[in-house]
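Asks: below are the sequence and a predicted model; questions follow.
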Amino acid sequence: MAVQIPGYYTSLPPVAKLFATGQPVLMYHKLGPRPPGVRLKGLYVGAKLFDRQLAELRRAGFVTGAYGPPAAPTGNPGRWIGLTFDDGFVNVLRHGLEPLARHGFKAMQFLVADLLGRANEWELREGEQKEMLMDEAQIREWLAAGHDIGAHTLSHPRLTQISLDQAREEIFASKKKLEDRFGRAIRHFCYPYGDWNPAVRDLVMAAGYETAWTTNPGVNTTANNPFELRRNMARYRSLNLKTVREDLARWLGAALGRGGE
């Protein structure tokens, strides 16, 4: 019987069986308190909840290591887990560095290359509250702590809704700009909004990345295409399941123009 894939991740017990069938990756965006008026509350994970999640994973024997294509054809013998953050928000640095270090985990931050040190302009256009993105010095602090960075395009567009030439520029140039600025190889890519199709995926492959990450839930094995890797959205538990479903549907449906990440 297939293992059921929950809609989101809050704690380990509901997904323990799933996480034993392949390599899981958690997807975060913003850490810490939510400002008043936030539209997509589920993109914030409070600092205390984040700390509890890391502590639970550590107690269960999960470890982070090098990010790359899955290594095992089945199962998760090394109890590897990936921790990824989309967009590069300052609040991740502020609320994430200490608990990550204390629990012994390393994480990946996907950066919007043309917006370093600026605000979440793609969200502001859709009515979201302002949050600042890490600048170069803050990203270097993240890297000095042993964490990694990947590319999340130049400007965070929906890649299937722009021309292929524009998508190529977003995918190729973001890699080069980050490599030039930080003097390190950028091997991993994340699709904004989880929005991709085969043509976009093929551009990511052609750009020389090793992996690309979606918003599709589940776990990864060697059977997964390394440019279609799955992640599980981490968020707080809600007592209103209808609200959770609507929140996730709005976020995952952003590629169809029904709201924004």
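Replies: Sure thing, it's come through.
Asks: distance of Glu123 relative to Val38?
Replies: 10 Å (Cβ to Cβ, to the nearest Å). For glycine as for every other residue, the C-beta is placed from the backbone atoms N, C-alpha and C.
Asks: compare the two (neighbour count), which wins?
Replies: Set side by side, Glu123 and Val38 show more neighbours around Glu123, with 21 against 16, by other Cβ atoms under 10 Å.
Asks: that one and Lys130: what is the separation?
Replies: Computed as Cβ to Cβ, the Glu123 to Lys130 distance reads 8 Å.
Asks: my guess is Arg235 contacts Leu26, does it?
Replies: No: judged on Cβ atoms under 8 Å, Arg235 makes no contact with Leu26 at a distance of 10.1 Å.
Asks: quick one, helices of the stretch 1-150 of the chain?
Replies: Counting by DSSP state H, counting those that start in this stretch, the stretch 1-150 of the chain has helices at residues 16-19, 47-59, 90-103, 121-124, 136-144.
Asks: where's the third one relative to the chain centroid, distance-wise?
Replies: Computed by Cα atoms, centre = their mean, to the nearest Å, the chain-centroid distance of helix 90-103 equals 15 Å.
Asks: please enumerate the strands of the stretch 101-250 of the chain.
Replies: Using DSSP state E, counting those that start in this stretch, the strands of the stretch 101-250 of the chain run over 108-111, 148-151, 188-190, 211-213, 219-220, 232-233.
Asks: can you say which of those is packed in most?
Replies: Greatest average neighbour count among the strands of the stretch 101-250 of the chain goes to strand 188-190 (a mean of 26), per mean count of other Cβ atoms under 10 Å.
Asks: let me see the mean pLDDT of that strand.
Replies: Computed over strand 188-190, the mean pLDDT rounds to 98.
Asks: what's the answer for stretch 72-85, then?
Replies: Here the average pLDDT along stretch 72-85 is 94.
Asks: give me the buried positions along that stretch.
Replies: Buried residues in stretch 72-85, counted by 16 or more other Cβ atoms under 10 Å: Asn76, Trp80, Ile81, Gly82, Leu83, Thr84, Phe85.
Asks: ok, Arg235 and Leu26, which is more surrounded?
Replies: Neighbour count, other Cβ under 10 Å: between Arg235 and Leu26, Arg235 has more, with 24 against 20.
Asks: ok, the more buried one to Phe89 distance?
Replies: Separation of Arg235 from Phe89 (Cβ to Cβ): 15 Å.
Asks: same check, this time on Met132
Replies: Note on Met132: its distance to Phe89, by Cβ to Cβ, is 7 Å.
Asks: mind listing the shared neighbours of these two?
Replies: Common contacts of Met132 and Phe89 (Cβ atoms under 8 Å, 6 or more residues apart in numbering): Asn120.
Asks: out of the two, which sits in the busier spot?
Replies: Neighbour count, other Cβ under 10 Å: between Met132 and Phe89, Phe89 has more, with 25 against 15.
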